[in-house]
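A.B. asks: predicted model and sequence below, questions to follow.
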Amino acid sequence: MQRAMMDGISDLPISVQFDFATGIFSPYADISERRMSDLKEMFYDQSVVAAAMALDNPIIYEIRYHPFLTSVSDMGLGVTRIFPGKVGDEYHMTKGHFHEQPNQPEIYFCVRGEGYLLLETRVGEFEAVRWLPGTITHIPPQWAHRVVNTGADILVFVASYHLAAGHDYAPILAHGFAQIVVEQDGAPALIPNPRRI
Ligand code: PAN
Ligand code: ZN
């Protein structure tokens, strides 16, 4: 089948409407929830993870997606809402991933809430970017990316990337990022990842 004849492909401009009050845009094509059980290996305090999964397996974040497919391109839009909270003393966060394709970057735009964007290369260069509403970060190819919500409010960010980028979660699943973000004396602190010590 010709690409132009496949479902959802349009070579015309398309807009969706983002609601700053809720962090939800519409229309969107798909929504995914990530619950505690989806992130169970990611948090360092495994006893708290097990207890939360047994209790109500809470939603940690959700993502609304929309693909903008044309006959020659595949731009993806994703808006993630990370609910506030901690697992033990470690703040709620996304799983984090590399892009499979080596030449695929991404733009992340924090529109609400506060936290950190953690970035790490495959050879261990690490950066933690303080995130506030209005922070826009270009994630270069081959930098893994994870967002941490350190506030009392929901953290909402907009992501734009090519669907062909692909997602590689395996290295993060295996050993996480170089640092984790925990509450210490009532404030967020970055500490070395206990799984790597
Ligand atoms: C984002 C992420 C989204 C959820 O759309 O996929 O924020 O984070 P995880 O995929 O790490 O669970 C993106 O970075 N796309 O490439
Ligand atoms: Zn990504």
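C.D. replies: Cool, the structure landed. Ligands and ions are numbered 1, 2, ... in the order given.
A.B. asks: how far does stretch 124-142 sit from its chain's centre?
C.D. replies: 12 Å (C-alpha atoms, centre = their mean, to the nearest Å).
A.B. asks: tell me which residues in the longest strand along the chain are buried?
C.D. replies: In the chain, taking DSSP state E as the definition, the longest strand is strand 59-69. Using 16 or more other C-beta atoms under 10 Å as the test for burial, strand 59-69 gives 59, 60, 61, 62, 63, 64, 65, 66, 68, 69. Every C-beta, even on glycine, is put in place using the N, C-alpha and C of the backbone.
A.B. asks: hey, what's residue 69 bridged with?
C.D. replies: Judged by DSSP bridges, the bridge partners of residue 69 are residue 9, residue 74.
A.B. asks: for it, give me the pLDDT.
C.D. replies: Looking at residue 69, its pLDDT is 97.
A.B. asks: residue contacts, it?
C.D. replies: 6, 8, 9, 10, 163 (C-beta atoms under 8 Å, 6 or more residues apart in numbering).
A.B. asks: state the distance from it to ligand 1.
C.D. replies: 16 Å (C-beta to the nearest ligand atom, to the nearest Å).
A.B. asks: just the pLDDT at residue 2, thanks.
C.D. replies: On the pLDDT scale, residue 2 gets 45.
A.B. asks: just the one 3 residues further on next, same as before
C.D. replies: You'll see residue 5 listed with a pLDDT of 43.
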